[in-house]
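Participant: With the input below, show me the fold.
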Amino acid sequence: MAFGVNFVLMKSYSLHELNEYIRRILALNLPEALWIRCEIMQVSEARGHYFLELVQKSEESDEIVAQASAVIWQRNFRQLRSKIGLIINDLLQEGIEVQIKAKVDFNERYGLKLIVEDIDPAYTLGKLEMQRQQTIEALQQAGLVSKNATLPLPLALQRIAILSSERAAGYQDFLQHLNQNPHGYKFDYKLFTTAMQGDLVESEMLKQLKNIERQKENFDCVVIIRGGGARLDLAAFDSFNLCKAVAECALPVFTGIGHDVDETVLDLVAHSSLKTPTAVADFLINRNALFESALVNYGQRLRIFALQNVKNQLLLLQNLKQRLQLRSERKIAASNQILNAIKIEIPRLTSFQIRSSEQELEKFSKIVALMGVEATLKRGFTITSKEGKILHSAKNIIKGDAITTRFADGNIKSKVKE
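Facilitator: The predicted model follows:
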């Protein structure tokens, strides 16, 4: 048996031929630069060249649906910086949506790359403003815009939780202004380090806010400060999640992000928004100065009240003293009158009492004489005694007793027969 093999002849290309073909197709169909909307996922710089990784995400989720590499050559970068200014540095940040004008370039060895020729800053700013308005509307519907502002402020603000970067110039200005206040107030503060621009702002700040919440009894307020920056630098402070966390914070939150014109959504939901870190420091110092002034005022009022009260009490005591003195004098005078009257009456009363007593004594003497033993015997009475003891009852006598009977004119002794 014989076996046969059928071969199908196919056209074969080298990789270089394929890539060269793709390059010609792209060059033929995309000869001009195109405006492209995308998000910068990654950016790096080397010798003045900027290398970008661009993506497009699904509107329903954060899933990446398209991705490409791009480059801004050093020469183009200098031209763009001259054209649109330093804002180009803010545009070339990770997470920023941009609209770029780029020429599609395909190299047989290095593949597809977009050569950036221009950037439209108005597109990015417009997108940010649209997102900002959507965030404000969502916060208003949730009733969060004024929530933190309703928290009562302590009379004195001395224990401060600070959200900032340790290297931020605004943070150093804040501390210097706070510590060198003309009143000599002492503040107890603690830095909770967080990124102040870029993709990490939201996650780090949310983490630190939770950390502050766990020890909220140690603080009077929260301060969020940075050293100013361009509008795009402030985009992170328009985050809904961050603004919601600040609005719901249990402590009053003060912002001093360092911008004079633009207002972030975070400023809207904070208890108080101040322009700069030093303005926040001034607010805290002035708040404490008002408290001290109120204490001084209360002290003065208390002193005046005490002095007036002491004066009134002294007048009352003086009045009581005069009344007591007058009453004592009257009492002494009345007592003296009584004593004088008694002094006059005592001799008369004494004489009368003596005469009366003498008469009574004389009367009692007559009665005693009348009732005496001798007088009684003379009236015919006798006294019977036995063995020298007067007998008061017949029961005390028995037959044969010798008794003595006393008469007024003598005694008779006898013996009891019966």
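Participant: can you point me to the longest strand in the protein?
Facilitator: Criterion DSSP state E: the longest strand present in the chain is strand 34-46.
Participant: between the helix or strand that that one is followed by and strand 34-46, what angle do the directions make?
Facilitator: Note on strand 34-46: by DSSP states H and E, the next helix or strand toward the C-terminus is strand 49-57. Between strand 49-57 and strand 34-46, the angle comes out at 130 degrees (axes from the mean of the first three to the mean of the last three Cα atoms, to 10 degrees).
Participant: Any regions of the stretch 251-400 of the chain where pLDDT drops low?
Facilitator: 258-262 (pLDDT under 70).
Participant: at 80 instead, please
Facilitator: 258-263, 368-380, 391 (pLDDT under 80).
Participant: Next, the buried residues of the longest strand of the chain.
Facilitator: Neighbour counts over strand 34-46 (16 or more other Cβ atoms under 10 Å) mark 36, 38, 39, 40, 41, 43 as buried. In this view, the C-beta of every residue, glycine as well, is placed from N, C-alpha and C.
Participant: Okay, strands next: where are they in the stretch 301-418 of the chain?
Facilitator: 383-386, 389-390, 402-407, 410-415 (DSSP state E, counting those that start in this stretch).
Participant: Quick check: which of the ones you listed is nearest to residue 234?
Facilitator: Nearest of the strands of the stretch 301-418 of the chain to residue 234, taken as Cβ to Cβ: strand 389-390 at 137.0 Å.
Participant: export the buried residues of strand 34-46 to TSV and tack on distance to residue 81?
Facilitator: As requested, the buried residues of strand 34-46 are exported to TSV (distance: Cβ to Cβ, whole Å):
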residue	distance to residue 81
36	20
38	20
39	22
40	17
41	22
43	15
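Participant: What is the three-state secondary structure of residue 155?
Facilitator: Secondary structure, DSSP: H, G, I helix; E, B strand; the rest coil: residue 155 is coil.
Participant: can you check the one 5 residues further on too?
Facilitator: When the structure is split into helix, strand and coil by three-state DSSP, residue 160 lands in strand.
Participant: nearest residue to it other than its sequence neighbours?
Facilitator: Of all residues not flanking residue 160 in the chain, residue 189 sits nearest, at 4.2 Å (Cβ to Cβ, 6 or more residues apart in numbering).
Participant: before we move on, which element is that neighbour in?
Facilitator: Per DSSP H and E: strand 188-193 holds residue 189.
Participant: Show the average pLDDT along that strand.
Facilitator: For strand 188-193, mean pLDDT rounds to 94.
Participant: For it, buried residues please.
Facilitator: 189, 191, 192.
Participant: Just give me the closest of these to residue 367.
Facilitator: Residue 367 lies nearest to residue 189 out of these, by Cβ to Cβ, at 112.5 Å.
Participant: Now that that closest one has come up, it's in contact with residue 162, right?
Facilitator: Yes - counting by Cβ atoms under 8 Å, residue 189 does reach residue 162; the two are 5.7 Å apart.
Participant: between the strands of the stretch 301-418 of the chain, which gets nearest to residue 321?
Facilitator: That would be strand 389-390 among those, by Cβ to Cβ, at 76.0 Å.
Participant: Direction included, what does that closest one pair up with?
Facilitator: Sheet pairing of strand 389-390 (DSSP bridges) gives strand 383-386 (antiparallel).
Participant: Chain neighbours aside, what residue packs nearest to residue 292?
Facilitator: Per Cβ to Cβ, 6+ apart, closest to residue 292 is residue 183, 7.1 Å.
Participant: That's all I had, so thanks and see you.
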